[in-house]
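**Student:** my questions are about this predicted structure, shown below with the sequence.
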4 protein chains.
Amino acid sequence: MPDLHTRIAASFARQGMMTTFGAQLAAVAQGRVEIVAPILPGSTQQQGYGHAALTFALGDTAAGYAALSLLPDEQEVVTAEIGIHLLAPAVGDLLVARGRVVKPGRRLIVVQSEVFAVTDGVEKQIALLNGTMVPVAA
Amino acid sequence: MPDLHTRIAASFARQGMMTTFGAQLAAVAQGRVEIVAPILPGSTQQQGYGHAALTFALGDTAAGYAALSLLPDEQEVVTAEIGIHLLAPAVGDLLVARGRVVKPGRRLIVVQSEVFAVTDGVEKQIALLNGTMVPVAA
Amino acid sequence: MPDLHTRIAASFARQGMMTTFGAQLAAVAQGRVEIVAPILPGSTQQQGYGHAALTFALGDTAAGYAALSLLPDEQEVVTAEIGIHLLAPAVGDLLVARGRVVKPGRRLIVVQSEVFAVTDGVEKQIALLNGTMVPVAA
Amino acid sequence: MPDLHTRIAASFARQGMMTTFGAQLAAVAQGRVEIVAPILPGSTQQQGYGHAALTFALGDTAAGYAALSLLPDEQEVVTAEIGIHLLAPAVGDLLVARGRVVKPGRRLIVVQSEVFAVTDGVEKQIALLNGTMVPVAA
């Protein structure tokens, strides 16, 4: 049985979207996952800020892997629903998304992610996501 | 004053994210916008389906431009919050997102998008988004 | 086996909250349920309009029974999550909530409700709810 | 100018719904408000638990007053949208809702509430709400 980080890193590496965004798996723990990514020119909206979909992608993926970290190896998770509140523009040196499990469950896992923009080492929260993950057979 | 389609197409063209996803502005009307995109290898999640963030990006952007289509030229919109219910995997020849305004307002615009996967010309709904757009100075 | 209306009416009658609000089950069909209620003095917020929780209660309950209408007799549903967009104040002669199933499923049922205020027979939409119901053993 | 607690208590007392639910304003601070309520027979769903609308009412109201606590006297707030994740049945001696401001703003205030069921003095979280409040003229 692979360790937790190895297992999640293997799944993360198969996500074409994470490669497109230049995202990296920064930290993995039971019920908590952190992802970082730059704001690439190909990830912007019309004003040059990071697109809401970039922030969403990082937050959703961090939350999904936080849920997966509590499940046995033969299971995957899919997002059933997730909502995002955008608090500030996605501008800075890089984005950090921290996902965590709010309430584990056999059928539903309630998750939350906070996304921060980092400028000169200072973090500013730019989004809050809340959603529901569902375990499925791998 | 540019016509509605020209104005929205110009904004759409400035979105690096839409270029990254190979997305195209398919239709523009007062309060309604349609966007189409393929499921590129760089837009996938770990099982090879379209990533939730691709579906989100198309739905959020279609909804945002639907809101913008009701505003004067000197205004832009930003997403305040938006939630997505995922109904089926994003698999097929291409995705179509149709955004519309549910309730216009001076300060808040409530929007909705439906996203469909199209396979051999047959549409299947894969997501429903509901959110709030806020007008801001351009 | 009781017919659909009888079965849902029996469950509705056990809801103390629906009695408190003076709510009535107005229509039941496969995947669609309608509930009506007055705006009682005991259902108001601080400005004298119907409280958001009244609108929520009617929309959530209509959506829940819409989901239940698709399930076998030995099952109940519970709300996993639901969001409400409030479009206008709850003021008028009565409120009407119409719930429907957007996407049925064995494990999750995605639902939607529209809530209207009726004044002199004219309906005005005051809210849109979107949520997820989960079947459970009765 | 009345102090913060007096001002919010006065508004709270005008809410017919809070009286119906037997709810009380338990604590008020800048950006944080706590409300407690019993689970009355008139507040139940069909299985005898507290109705989701009770949990919603307490969470939404606590979040709204948390937002109001940051605004000048001549303003009120209304809920633009709010979503609730239900984590466990509303059963116990009483419910406690704690609302707080996540992100203040001139036009939008992002809020969150946690709702707990208390049994023999032990708290169990039963819901998480996230939403958007809008300041309006009183």
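**Tutor:** Looks like it arrived, so ask away.
**Student:** can we go C-alpha only for contacts and neighbour counts from here?
**Tutor:** Noted.
**Student:** quick one: the longest helix along chain A to helix B:52-68, angle?
**Tutor:** Ranked by residue count under DSSP state H, the longest helix found in chain A is helix A:52-68. Angle, helix A:52-68 to helix B:52-68, by axes from the mean of the first three to the mean of the last three CA atoms, to 10 degrees: 140 degrees.
**Student:** okay, A:Gly48: pLDDT?
**Tutor:** On the pLDDT scale, A:Gly48 is placed at 93.
**Student:** which phi and psi does it have?
**Tutor:** Recorded main-chain torsions at A:Gly48 are phi 90, psi -10, according to degrees, to the nearest 10.
**Student:** enumerate every residue touching A:Gly31.
**Tutor:** A:66-70, A:100-101 (CA atoms under 8 Å, 6 or more residues apart in numbering or on different chains).
**Student:** roughly how far is the one helix or strand A:Val78 maps to from the heart of the chain?
**Tutor:** Using DSSP states H and E, A:Val78 falls within strand A:75-86. The chain centroid and the centroid of strand A:75-86 are separated by 10 Å, computed with CA atoms, centre = their mean, to the nearest Å.
**Student:** before we move on, what's the pLDDT of the residue most central in space within chain A?
**Tutor:** Central residue of chain A (CA atoms, centre = their mean): A:Ala62, 2.3 Å from the mean position. According to the prediction, A:Ala62 has pLDDT 98.
**Student:** excluding sequence neighbours, find me the nearest residue to it.
**Tutor:** Using CA to CA, 6 or more residues apart in numbering or on different chains and skipping residues adjacent in sequence, the residue nearest A:Ala62 is A:Gly99, 4.6 Å away.
**Student:** for D:Ala138, see how far away the one you found is.
**Tutor:** For A:Gly99, the distance to D:Ala138 (CA to CA, to the nearest Å) stands at 38 Å.
**Student:** other SSEs contacting the strand or helix carrying A:Val36?
**Tutor:** Using DSSP H and E, A:Val36 sits in strand A:32-37. If you count contacts as 3 or more CA pairs under 8 Å, 6 or more residues apart in numbering or on different chains; DSSP states H and E, strand A:32-37 packs onto strand A:24-29, helix A:52-68, strand A:94-103.
**Student:** and A:Arg98, how many neighbours?
**Tutor:** By other CA atoms under 10 Å in any protein chain shown, the residues close to A:Arg98 number 25.
**Student:** any buried residues in stretch A:73-85, and which?
**Tutor:** A:73, A:76-85 (16 or more other CA atoms under 10 Å in any protein chain shown).
**Student:** for the record, mean pLDDT for that stretch?
**Tutor:** 95.
**Student:** again with stretch A:15-33
**Tutor:** Stretch A:15-33 comes out at a mean pLDDT of 98.
**Student:** list the buried residues in it.
**Tutor:** Buried residues in stretch A:15-33, counted by 16+ other CA under 10 Å: A:15-21, A:23-25, A:28, A:30-33.
**Student:** is chain D within reach of stretch A:64-80?
**Tutor:** No - residues of stretch A:64-80 are not located near chain D by CA under 8 Å from any CA of the partner chain, the shortest gap being 12.6 Å.
**Student:** reformat the buried residues of stretch A:73-85 as TSV; add distance to B:Val111.
**Tutor:** Below are these laid out as TSV (distance: CA to CA, whole Å):
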residue	distance to B:Val111
A:Asp73	39
A:Glu76	32
A:Val77	28
A:Val78	25
A:Thr79	21
A:Ala80	20
A:Glu81	17
A:Ile82	16
A:Gly83	14
A:Ile84	14
A:His85	15
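**Student:** can you name the residue of chain A nearest chain B?
**Tutor:** Taking CA to the nearest CA as the measure, chain A has A:Gly83 as its residue closest to chain B, at 3.7 Å.
**Student:** ok, what's across the strand from the closest residue to that residue other than its chain neighbours?
**Tutor:** Among residues not flanking A:Gly83 along the chain, B:Gly83 sits closest, at 3.7 Å (CA to CA, 6+ apart). For B:Gly83, the beta-bridge partners under DSSP bridges are A:Gly83, B:Asn130.
**Student:** can I assume B:Gly83 is in contact with B:Glu114?
**Tutor:** No - taking contacts as CA atoms under 8 Å, B:Gly83 lies outside contact range of B:Glu114: 11.8 Å.
**Student:** so what sits against both of the two?
**Tutor:** Residues touching both B:Gly83 and B:Glu114 (CA under 8 Å, 6+ apart) are B:Leu129.
**Student:** hang on, the earlier thing: now the two most distant members of the buried residues of stretch A:73-85.
**Tutor:** Across the buried residues of stretch A:73-85, no pair lies farther apart than A:Asp73 and A:His85, at 31.8 Å, counting by CA to CA.
**Student:** show me which residues of chain A are close to chain B?
**Tutor:** So far as CA under 8 Å from any CA goes, chain A lies against chain B at A:11-17, A:19-20, A:41-48, A:51-54, A:56-57, A:60, A:79-87.
**Student:** that older thread, could you pull up the contacting residues of the residue of chain A closest to chain B?
**Tutor:** A:129-131, B:81-84.
**Student:** A:Glu81 and A:Phe21, how far apart?
**Tutor:** For A:Glu81, the distance to A:Phe21 - CA to CA - is 22 Å.
**Student:** do A:Ser113 as well
**Tutor:** 18 Å.
**Student:** same check, this time on A:Pro41
**Tutor:** Relative to A:Phe21, A:Pro41 is positioned 10 Å away (CA to CA).
**Student:** check A:Ser69 too.
**Tutor:** 22 Å.
**Student:** return the backbone torsion pair for the closest residue to A:Pro41 other than its chain neighbours.
**Tutor:** In this structure, A:Pro41 finds its nearest non-sequential neighbour in B:Gly16, 6.0 Å apart by CA to CA, 6+ apart. Per-residue torsions, B:Gly16: phi -50, psi -40 (degrees, to the nearest 10).
**Student:** for B:Gly16, give me its contacts.
**Tutor:** Counting by CA under 8 Å, 6+ apart, B:Gly16 makes contact with A:41-46.
**Student:** give the other helices and strands that the longest helix of chain A contacts.
**Tutor:** Packing contacts for helix A:52-68, counted by 3+ CA pairs under 8 Å, 6+ apart, involve strand A:32-37, strand A:75-86, strand A:94-103, strand A:109-119, strand A:122-137, helix B:52-68.
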